[in-house]
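>>> Requesting a structural model of the entry that follows:
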Amino acid sequence: MDQKLLHILQHSLGVDKYGNGAQYRNHYVAGGDDVALCRELVEMGCMVEGKASPLSGNSPWFNVTSKGKGVVCVESPPPSKLTRGQRRYQAYLSSESPESFGDWLKNPYWNDLRSRCGA
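Numbering: from 1, shown residues only. Just a heads-up that it's a prediction; the model follows:
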């Protein structure tokens, strides 16, 4: 699938470029060149078009179909593998610790969290 089309589907669902996220929305208000791209997705069965209205700024809007959600799942690239240090830093960010990263590494309180994330 063309990357521009995949990006529109991902953005419509509120997920990242790897297809990860909560899918907290399902709409795309199109304008300019995006209208033609969204209509291409409609032809593929990945989106449905809603009529323009004052609520959408008089622009057409689109929803992702079940097929489109499946395409996002299948076509999105897998995230790159994180190194041990990157996993450890992500664990630090997730911990919301008030300590600096260096102090967090030395604090035994966080050892359990580090071991659970493989850091």
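>>> low-scoring pLDDT stretches of the chain, where are they?
110-119 (pLDDT under 70).
>>> the helices in it, which residues?
Per DSSP state H, the chain carries helices over the ranges 3-13, 34-43, 66-75, 84-95, 101-106, 111-116.
>>> most packed of those?
helix 3-13 (a mean of 19; mean count of other CB atoms under 10 Å). Just so you know, the C-beta spots here come from the backbone N, C-alpha and C atoms, and that holds for glycine as well.
>>> So which bits of stretch 20-37 are buried?
28-30, 34, 37 (16 or more other CB atoms under 10 Å).
>>> between the helices of the chain, which one is nearest to G57?
Set against G57 and scored by CB to CB, the helices of the chain come closest in helix 34-43, at 12.6 Å.
>>> what angle sits between the closest one and helix 66-75?
100 degrees (axes from the mean of the first three to the mean of the last three CA atoms, to 10 degrees).
>>> Helix 34-43 vs helix 3-13, what angle?
Using the same axes, to 10 degrees: helix 34-43 against helix 3-13 is 90 degrees.
>>> related to what we said a few turns ago, tell me which of the helices of the chain sits nearest to Y24.
helix 3-13 (8.1 Å).
>>> Indicate which one of the helices of the chain is closest to P60.
helix 34-43 (6.1 Å).
>>> so what's W61 up against?
27-30, 49-50, 52 (CB atoms under 8 Å, 6 or more residues apart in numbering).
>>> er, Q10 I mean
Counting by CB under 8 Å, 6+ apart, Q10 makes contact with 16-17, 19, 72, 76.
>>> redo that, cut-off 7 Å
Q10 makes contacts with 17, 19, 72, 76, as judged by CB atoms under 7 Å, 6 or more residues apart in numbering.
>>> same question, Q86
Contacts of Q86 by CB under 7 Å, 6+ apart: none found.
>>> And the chain, what are its domain boundaries?
As given by automatic domain parsing, the domain ranges for the chain are 3-75, 84-116.
>>> roughly how far is the longest one from the heart of the chain?
So that's domain 3-75. 13 Å (CA atoms, centre = their mean, to the nearest Å).
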